[in-house]
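Chemist: Pasting a predicted model and its sequence here:
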Number of protein chains: 2
Amino acid sequence: MARTHAATNITWHEGAVTRADRQRVLGQKGVTIWMTGLSGSGKSTIGSILEQLLLSKGRAVYRLDGDNVRFGLNTDPKSLIAKGYPEAAAKRFGLGFSAEDRAENIRRIGEVAKLFTDAGVIAITSFISPYRKDRDAVRALMQPGEFVECYVKASLAAAESRDPKGLYKKARAGEIKGFTGIDDPYESPEKPEVVVDTEAVTPAVAAEQIMAFLQTSGYLQA
Amino acid sequence: MARTHAATNITWHEGAVTRADRQRVLGQKGVTIWMTGLSGSGKSTIGSILEQLLLSKGRAVYRLDGDNVRFGLNTDPKSLIAKGYPEAAAKRFGLGFSAEDRAENIRRIGEVAKLFTDAGVIAITSFISPYRKDRDAVRALMQPGEFVECYVKASLAAAESRDPKGLYKKARAGEIKGFTGIDDPYESPEKPEVVVDTEAVTPAVAAEQIMAFLQTSGYLQA
């Protein structure tokens, strides 16, 4: 049932807006580009360039990374206490770095990426997300085609030699425990939709490879 | 520092895309329209019409409500167990209806709305969100102007007479405990940016009142 409101001449329908409506308005399909790879593999750099490429073409795109997630939705107990949470609640909901906490970190990010995808936005996530099980759980949240696993490939030797944040050095010195690639495993994707080999191409070329995938796979039209 | 990549002629900048860039592309400002009011006040109906009005004007808009949040990001312990969570982790992270859980429910929704707002999207949230403290905590997450509290006003008598989901009847019969307005308080906003009086106007007019607020406040331009 459609009605027209006299004052604005806007026609609307009883019931909810559909995802197809949102995609039509944005002229693209919602999708999650899930970048996974070692620390130093280039996820953030490539994600940032991809974001700029998409934005320069007028696309609705948003990047989820440690900066906007770890200090917000997935913040730690201390920060929740600072926000007025009672200690028990802060310990319960705040996230640390245990396996359980890491899984919940990825689950929440996956759920948020799913919402952006449902909104018709191109969501780019940049997290190491080392465990196959956690990534597959995110994939399982979404419909086929919505989750694009992008393996940002670099050997441990290459990633460690870059060490942009000095984290490998600290991990080797034992100052950081459970660091992916050093004393915690990185499980590479078995069937990623996209692989970018950061020892073979520059971050800019890697971003364009992902862009080409989006284009040829039809994501850049509604 | 700006560079041009030969292959695509795309110019990008070192460093992150800014929110202003995203807003320019979308031609609007990111904002959270936080609808609060009793069950049956009309939040979802008005939110849905507002969503359609905005979409029909080509706006990037997304609605967060119980349907897409309670079954996903803020799901209950049982559903987490069904997804393979160990029982202890499911109980820890899954949400029920205690005061602590309700506060965390609103906090997570607020953090997600903040991400959509940062993405340049108009986020509409439809949750009773009865406690002033929880709403004010969400407001505190955001910058001035990003959080638009919209009080969807209806007297308890009016909301109860509508009772679209039969929840008041169940609450009166004692089948639901802690129901807002019956045996749990609703704390109305003290300084909401917008008030729509659903005993005086239809949902369509209420949605247009909010639309007019967005227009005159400059949210519909970058």
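Modeler: That came through, no problem.
Chemist: Just give me the residue right at the centre of chain A.
Modeler: A:T125 (1.5 Å; CA atoms, centre = their mean).
Chemist: helix/strand/coil for that residue?
Modeler: Secondary structure for A:T125, judged by DSSP: H, G, I helix; E, B strand; the rest coil, is strand.
Chemist: right, and it touches A:S44 too?
Modeler: No - with contact defined as CB atoms under 8 Å, A:T125 does not reach A:S44; the gap is 10.6 Å. The way it works is simple: take the backbone N, C-alpha and C, and place the C-beta from them, glycine included.
Chemist: Now the common contact residues for these two.
Modeler: Taking CB atoms under 8 Å, 6 or more residues apart in numbering or on different chains as the contact rule, A:T125 and A:S44 both touch A:D65.
Chemist: about what we covered before: quick check: closest non-adjacent residue to the residue nearest to the centre of chain A.
Modeler: Spatial nearest neighbour of A:T125, chain neighbours left out: A:L64 (4.7 Å); criterion: CB to CB, 6 or more residues apart in numbering or on different chains.
Chemist: Contacts only, for that neighbour.
Modeler: A:I109, A:V112, A:A113, A:F116, A:A123, A:I124, A:T125, A:S126, A:F127, B:L115.
Chemist: isn't there a strand covering it?
Modeler: Yes - assigned with three-state DSSP, A:L64 falls within a strand.
Chemist: what's the pLDDT at it?
Modeler: Confidence at A:L64, expressed as pLDDT, is 97.
Chemist: Could you tell me how many residues sit around A:P86?
Modeler: Neighbour count for A:P86, taken as other CB atoms under 10 Å in any protein chain shown: 12.
Chemist: What separation is there between the closest residue to it other than its chain neighbours and A:R139?
Modeler: The spatial neighbour of A:P86 that comes closest, neighbours along the chain excluded (CB to CB, 6+ apart), is B:E100 at 7.4 Å. To A:R139, B:E100 is 31 Å away according to CB to CB, to the nearest Å.
Chemist: how close does A:A137 get to B:D163?
Modeler: A:A137 sits 38 Å away from B:D163, going by CB to CB.
Chemist: Also A:R162?
Modeler: Distance of A:R162 to B:D163, given as CB to CB: 61 Å.
Chemist: Go through the longest helix along chain A and flag the buried ones.
Modeler: With secondary structure taken from DSSP state H, chain A has its longest helix at helix A:99-118. Buried residues in helix A:99-118, counted by 16 or more other CB atoms under 10 Å in any protein chain shown: A:100-118.
Chemist: Stretch A:55-67 now?
Modeler: By 16+ other CB under 10 Å, the buried positions in stretch A:55-67 come out as A:L55, A:S56, A:R59, A:A60, A:V61, A:Y62, A:R63, A:L64, A:D65.
Chemist: do the same with stretch A:129-138
Modeler: A:S129, A:P130, A:Y131, A:D134, A:R135, A:A137, A:V138.
Chemist: If we check chain B, which of those are in contact?
Modeler: Counting by CB under 8 Å from any CB of the partner chain, A:A137 from the buried residues of stretch A:129-138 sit close to chain B.
Chemist: Can I get the buried residues of stretch A:129-138 in JSON lines including secondary structure?
Modeler: As requested, these are arranged in JSON lines below (three-state DSSP):
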{"residue": "A:S129", "secondary structure": "coil"}
{"residue": "A:P130", "secondary structure": "coil"}
{"residue": "A:Y131", "secondary structure": "coil"}
{"residue": "A:D134", "secondary structure": "helix"}
{"residue": "A:R135", "secondary structure": "helix"}
{"residue": "A:A137", "secondary structure": "helix"}
{"residue": "A:V138", "secondary structure": "helix"}
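Chemist: For chain A, give me the ranges with low pLDDT.
Modeler: Residue ranges of chain A with pLDDT under 70: A:1-15.
Chemist: mind listing the helices for chain A?
Modeler: Under the criterion DSSP H, helices of chain A are mapped to A:19-26, A:43-56, A:66-69, A:77-82, A:87-93, A:99-118, A:132-141, A:156-162, A:167-172, A:203-216.
Chemist: what angle sits between the last one and helix A:43-56?
Modeler: Taking axes from the mean of the first three to the mean of the last three CA atoms, to 10 degrees, helix A:203-216 and helix A:43-56 form an angle of 50 degrees between their directions.
Chemist: now for helix A:203-216, which elements pack on it?
Modeler: strand A:31-36, helix A:43-56, strand A:147-153, strand A:194-197 (3 or more CB pairs under 8 Å, 6 or more residues apart in numbering or on different chains; DSSP states H and E).
Chemist: Correct me if wrong: A:L214 contacts A:L220.
Modeler: Yes - the pair A:L214 and A:L220 passes the contact test of CB under 8 Å, sitting 5.7 Å apart.
Chemist: out of those two, which sits in the busier spot?
Modeler: More crowded of A:L214 and A:L220, by other CB under 10 Å: A:L214, with 21 against 17.
Chemist: For chain B, see how far away that one is.
Modeler: Going from A:L214 to chain B by CB to the nearest CB, to the nearest Å gives 13 Å.
Chemist: Any chance of the helices and strands packed on helix A:203-216 in TSV with distance to chain B as columns?
Modeler: Below are the helices and strands packed on helix A:203-216 laid out as TSV (distance: least, CB to the nearest CB, whole Å):
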stretch	distance to chain B
strand A:31-36	13
helix A:43-56	4
strand A:147-153	14
strand A:194-197	15
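Chemist: among these, which is the most enclosed?
Modeler: Mean neighbour counts were taken over those using mean count of other CB atoms under 10 Å in any protein chain shown, and the top value, a mean of 28, falls to strand A:31-36.
Chemist: which residues are contacting that one?
Modeler: Under the criterion CB under 8 Å, 6+ apart, residues A:43, A:46-47, A:50, A:110, A:113-114, A:116-117, A:122-130, A:135, A:138-139, A:142, A:145-152, A:189, A:192, A:210, A:214, A:219 lie in contact with strand A:31-36.
Chemist: So A:E87 sits against A:I81, correct?
Modeler: Yes - if you go by CB under 8 Å, A:E87 and A:I81 touch, sitting 6.2 Å apart.
Chemist: Look at the two and report which has more neighbours.
Modeler: For the pair A:E87 and A:I81, the greater number of neighbours falls to A:I81 (15 against 11), based on other CB under 10 Å.
Chemist: For the residue lying closest to the more buried one once chain neighbours are set aside, the count of nearby residues, please.
Modeler: Computed as CB to CB, 6+ apart, the closest residue to A:I81 that is not its neighbour in sequence is A:A90, at 4.6 Å. When counting by other CB under 10 Å, one arrives at 20 neighbours for A:A90.
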